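Asks: sequence first, predicted model second:
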Amino acid sequence: MNCGQVMWWVERCAEKLEVTRKVLGIAVDEVSICYPDTESRDEFLVAARECGLDNFNNVNDTVFYEYDGKRGGYGVQYNFLKLPTTDWRIELVYASTSPLHMRQFYNGQTPRIVHVSYKCHGMVDWFATNKEADKQGFAERMYCASSYGLFSYRRPMRVESWPLERTYLKPRLPWSEAVAPGPLP
């Protein structure tokens, strides 16, 4: 992995982010690249640092989920990167047993952009966001909770109408913002 390859991925992430901001009017602040193995993810991290991306946080976590009527949990490794000139971040993710993430690799073992994400500010915002997503035809594919907070992966019922192809929309609510000021909807 070299700097040119890293910047190619950064450009693809920026394209997905801008399309989502334009089409949905959502303040997306994160795009994820999922890796099928830790070796290729680590190669990307080394090259990204050499290219000037700031690896400002690394997290190991456990995610509990509901997906296709099944419940379970999986371990996940996150590495967060940012260019100094952007208002968004890249989340590198390795989730070896996540049914949604590993499904991305059925047709090959190359990295994939899995989601564009945005942060909800409080429970009222979380419920309103999910209600609006339901209204707009974004089906919840996987609902999750972790030490970070709540998040879900959504995609339109009609994928051909979604300009981001196989990319999920991921609203997230950190536990630090989960206190609702007033009654819940």
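Replies: Nice, I can see it.
Asks: what packs against the helix or strand hosting Met7?
Replies: Following DSSP states H and E, one finds Met7 within helix 3-24. The contact analysis (3 or more CB pairs under 8 Å, 6 or more residues apart in numbering; DSSP states H and E) places helix 3-24 against strand 30-34, helix 38-50, strand 89-94, strand 112-119. C-betas here are computed from N, CA, C, even on glycine.
Asks: okay, angle between it and helix 38-50 too, please.
Replies: Here the directions of helix 3-24 and helix 38-50 differ by 90 degrees (axes from the mean of the first three to the mean of the last three CA atoms, to 10 degrees).
Asks: now find how far off-centre helix 3-24 is within its chain.
Replies: 13 Å (CA atoms, centre = their mean, to the nearest Å).
Asks: what comes up buried for it?
Replies: Neighbour counts using 16 or more other CB atoms under 10 Å place Val6, Met7, Trp9, Val10, Cys13, Lys16, Leu17, Val19, Thr20, Arg21, Leu24 of helix 3-24 among the buried residues.
Asks: now render the residues you listed as CSV, adding pLDDT and distance to Cys144.
Replies: What follows is those, written out as CSV (pLDDT from 0 to 100; distance: CB to CB, whole Å):
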residue, pLDDT, distance to Cys144
Val6, 94, 28
Met7, 95, 30
Trp9, 94, 24
Val10, 95, 26
Cys13, 94, 21
Lys16, 90, 20
Leu17, 91, 21
Val19, 88, 24
Thr20, 86, 20
Arg21, 88, 23
Leu24, 81, 21
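Asks: which one of those is nearest Glu91?
Replies: Taking CB to CB as the measure, Glu91 sits nearest to Cys13 out of the buried residues of helix 3-24, at 9.6 Å.
Asks: excluding its backbone neighbours, what's nearest the closest one?
Replies: Spatially, and ignoring its direct neighbours in sequence, Cys13 is nearest to Val31 (3.9 Å; CB to CB, 6 or more residues apart in numbering).
Asks: using CSV, write out every CA atom in stretch 41-55.
Replies: Listed next in CSV are the C-alpha coordinates belonging to stretch 41-55 (Å, rounded to 0.1, in the frame of the first residue of the first chain):
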residue,chain,number,x,y,z
ARG,A,41,-5.8,-2.9,7.4
ASP,A,42,-2.5,-2.4,9.1
GLU,A,43,-0.7,-1.8,5.7
PHE,A,44,-3.3,0.9,5.0
LEU,A,45,-2.8,2.5,8.5
VAL,A,46,1.0,2.7,8.0
ALA,A,47,0.6,4.2,4.5
ALA,A,48,-2.1,6.6,5.7
ARG,A,49,0.1,8.0,8.5
GLU,A,50,3.0,8.4,5.9
CYS,A,51,0.5,10.4,3.7
GLY,A,52,-0.3,12.8,6.5
LEU,A,53,-3.6,11.4,7.8
ASP,A,54,-3.9,11.7,11.6
ASN,A,55,-4.7,8.3,13.3
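Asks: fine by me, we can end here.
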